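Chemist: here you go, sequence then predicted model.
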Amino acid sequence: MGSPIDKFPQCRNKSLPDKGATKVLLVNSDHEPAITLKKSLEEYGFKVYHLTNVFAAIQEIGRTKRLSYEMILCDINEWDTDYLAFAKQIRELSYTVKIFLRSSCEIEDVVIHNAMTAGVNEIIRKPISAENLNIVLQDYIDGIRNPLDSALEL
C-alpha cells in the first residue's frame with residue numbers, strides 16, 4: 001500500500017532541469033512560519049523569496065516595474081485589504097503569474113469575490129501542510145487546476 005508520504009509526490013521541477021525552478025514570492029509577516037515554509041518549498045524544488053509584508057512587495061514590484069516570479073503566496077488577515085491592491089498591481093504587469101492568498105480566518109463570500117475580481121487564482125485555507133501546498137502549486141504548474149476551481153470549492 002505504501003507509506004503516507006507516497007501520496008505527496010516531490011516537486012516535478014527537479015526533473016525538469018531545462019525549465020529551472022519555479023520562482024515563488026512569499027509574503028508573510030510571521031517570520032518563523034515563513035522561514036519554515038520557505039525551506040519546505042525549497043525542498044520541493046521551488047526558488048522562494050520572502051518579504052515580510054504587502055507594502056514591501058508592492059514597493060519591490062513597483063521599483064522594478066517587472067515581475068520575476070511565477071507564483072506569489074500572500075498571507076492575509078481578516079482586517080487586511082491591501083492584498084487587493086497588490087493583486088491588481090501584479091495583474092497589470094502579468095496575467096500569467098499565479099496569485100495565492102493564504103488565510104486562517106473564515107473567508108466571507110465578498111472577500112472571495114473581491115479577490116477573484118482582483119486577479120487572485122486561489123485562496124488557500126490554513127493550516128495546510130507543505131506537502132499539500134506543493135500539490136496545489138504543482139497542479140497550477142502542470143495546468144491541471146483552473147482559477148475558477150477555488151471559487152467553486154469555497
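Modeler: Sure, I can see it.

Chemist: ends of stretch 62-69, how far apart?
Modeler: Taking Cα to Cα, to the nearest Å, stretch 62-69 runs 14 Å from one end to the other.

Chemist: quick check: buried residues in that stretch?
Modeler: Neighbour-count burial for stretch 62-69 flags 67, 69 (criterion: 16 or more other Cβ atoms under 10 Å). Any C-beta I mention is one placed from the backbone N, CA and C, and that applies to glycine too.

Chemist: please state the offset of that stretch from the chain centre?
Modeler: Offset of stretch 62-69 from its chain centre (Cα atoms, centre = their mean, to the nearest Å): 17 Å.

Chemist: avg pLDDT for it?
Modeler: Per-region confidence: stretch 62-69 scores 79 on mean pLDDT.

Chemist: can you show me the helices along the chain?
Modeler: Under the criterion DSSP state H, helices of the chain are mapped to 31-43, 54-64, 82-93, 109-118, 130-141, 147-153.
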